[in-house]
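[1] Fold the following.
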Amino acid sequence: MLGFKHMNIKKRMVAAVTLSFSLLAAPAIAANWVYVAESTSNAVYYYDSETIRRSGNQVTVWEKYDFSRDKTEKRRERKVRYRYDCEQRTDTLLETVSYYPNGKIEKFTFDTYEQKESAVTPDTVSEAMLEAVCGLN
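    Residues are numbered from 1 along each chain as shown. Model (predicted):
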């Protein structure tokens, strides 16, 4: 089998055009990380506005915690999916993905029976996140 450089010019053009169109046809999936807060340990917290889903008083969203400047944290980054009840001011952890500096990735999805709804503590990053995604600030 001959490689790309051994193809004649016409076949190369067809291959290049086909590849270009296949890349254009692929959907663009990009997060839009919105800054929310920075902790006293220098961790930075964001939510992805592209993943916000509303149902009544509830909002489900992906969040990102950047620990790259937090010397107390072993993980480099953590992404979590939370469900917030904007009226009751509660949150429920649904899924978590942790990224470590060595390339290790840990992912966990909570089954319905494992999901625990908790009151959001005032004056915390969690409260800032709830207010941001619920549009309360």
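[2] And the average pLDDT for stretch 98-111 is what?
    In this model, stretch 98-111 carries a mean pLDDT of 97.
[3] buried residues in that stretch?
    Going by neighbour count (16 or more other CB atoms under 10 Å), the buried part of stretch 98-111 is 98-99. All C-beta atoms are positioned from the backbone trio N, CA, C, and that covers glycine.
[4] contact partners of it?
    Applying CB atoms under 8 Å, 6 or more residues apart in numbering, the external contacts of stretch 98-111 come out as 74-79, 93-97.
[5] Look at it and report the distance between its end residues.
    In stretch 98-111, first residue to last residue: 18 Å (CA to CA, to the nearest Å).
[6] For this structure, just list every one of the strands.
    Counting by DSSP state E, residue ranges of the strands within the chain are 33-38, 44-48, 53-55, 58-66, 77-85, 90-99, 105-109, 117-119.
[7] Neighbouring strands of the fifth one in the sheet, and parallel or not?
    In the sheet, strand 77-85 lines up against strand 58-66 (antiparallel), strand 90-99 (antiparallel) (DSSP bridges).
[8] Ranking the ones you listed by mean neighbour count, which comes first?
    Sort these by mean neighbour count, taking mean count of other CB atoms under 10 Å, and strand 58-66 sits at the top with a mean of 20.
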